[in-house]
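A.B. asks: quick one, structure for this:
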Amino acid sequence: MSTDTAPRVLMCPPTHFAVDYEINPWMAGQLGSADASRATRQWQELHALVSDVATVELIDPMSGLPDMVFTANAGLIYRGRAVPSHFRHAERAGEEPHFTRWFAERDFDVTSLDIEFEGAGDALFDRAASRLWFGHGHRSDARAATALQAWLGDEVDVVPLRLVDPRFYHLDTCLCPLAGGQLMYFPAAFDAQANAAIEARVPAELRIAVGEADAMAFACNAVNLGETVIVNRASDTLEKQLARHGYRLRATPLDEFLKAGGSAKCLTLRLDEPGLRTAA
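C.D. replies: Numbers count the residues shown, from 1 in each chain. Got it, this is the predicted structure:
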């Protein structure tokens, strides 16, 4: 799909993808294990699925930056504005100028934060309320919530959620807001206060709590565009749950990227993020 009304998504070819260091639990024991050819095939298959429902734009991959393929961490987009990521780990800091330049060259209004913040990996807009879910505890600094609230203004409510399981080090590994207002998430990845915040804001009938097996397959790390939900893998139970809410699940293997702690959502960034249309 490539019409003017199609969603726009940023991806980065996996030319330099590898597991060259360990900065999350998924990378432990995986140094040098990535199969470049298989990763390329998997990325191409994901690209094809996303291209069916969106216009895909590309950023050039850079040598020495193996995690640049995970464009969700490029930054946060809101109505033509961008906050580039400021990475916690030095291994990813080299990505920052490339993503910042890409945004600026395409006329995004760029605002940088001098605080650790890892973009749409830790900041996800709800689809039924004027709300930004903000994950912290592993990568993004909790203080970024205040900075993002100031950047967004009064029209969006920033809701901090503390992450407590190091396997789910970014919010998008364990939570996915869906187009119809549903929230797919893994409750055990959050502390009690975060779970209470979710339950207070999302009605029970819209909460899709996944089990550990689906969570470990990164089912919550999903690309949702309209009625399409693209994942690495999901159980029959989860697929049926999504179908009851009107979603069509598209599964495509992304296990090469799981070696680095990423999957479908990590490999994409929504560029035409419109914000939210109804009051919280």
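
A.B. asks: where does the stretch 101-250 of the chain have low pLDDT?
C.D. replies: Scanning the stretch 101-250 of the chain for pLDDT under 70 picks out no residues.

A.B. asks: and the longest helix for the protein?
C.D. replies: helix 36-51 (DSSP state H).

A.B. asks: list the buried residues in it.
C.D. replies: 39, 42-43, 46-47, 49-50 (16 or more other C-beta atoms under 10 Å). Where C-beta positions appear, they are placed from N, C-alpha and C, glycine not excepted.

A.B. asks: what comes into contact with that helix?
C.D. replies: 1-2, 9, 11, 13-14, 17-18, 56, 69, 223, 225, 228, 230, 250, 252-257, 264, 267-268 (C-beta atoms under 8 Å, 6 or more residues apart in numbering).

A.B. asks: quick one: mean pLDDT for that helix?
C.D. replies: Regarding helix 36-51, the rounded mean pLDDT is 98.

A.B. asks: following element in sequence after it, please.
C.D. replies: strand 55-58 (DSSP states H and E).

A.B. asks: tell me the mean pLDDT for that following strand?
C.D. replies: Here the average pLDDT along strand 55-58 is 98.

A.B. asks: residues in contact with stretch 231-245?
C.D. replies: With C-beta under 8 Å, 6+ apart, stretch 231-245 has contacts from 178, 180, 182, 184, 208, 210-211, 213-214, 217-219, 221-223, 229, 248-255, 258, 263-264.

A.B. asks: just the buried ones from those?
C.D. replies: The neighbour count (16+ other C-beta under 10 Å) marks 178, 182, 184, 208, 210, 214, 217-219, 221-223, 229, 249-252, 254, 258, 263-264 as buried among the contacts of stretch 231-245.

A.B. asks: so which of these are in helices?
C.D. replies: 214, 258.

A.B. asks: buried only: go through the contacts of helix 36-51 for me.
C.D. replies: For the contacts of helix 36-51, buried by 16+ other C-beta under 10 Å: 9, 11, 13-14, 17-18, 56, 69, 223, 225, 228, 230, 250, 252, 254, 256-257, 264, 267-268.

A.B. asks: all strands for the stretch 151-280 of the chain, in order.
C.D. replies: Assigned strands in the stretch 151-280 of the chain, in chain order: 157-162, 175-177, 183-185, 207-209, 223-225, 228-231, 248-251, 269-270 (criterion: DSSP state E, counting those that start in this stretch).
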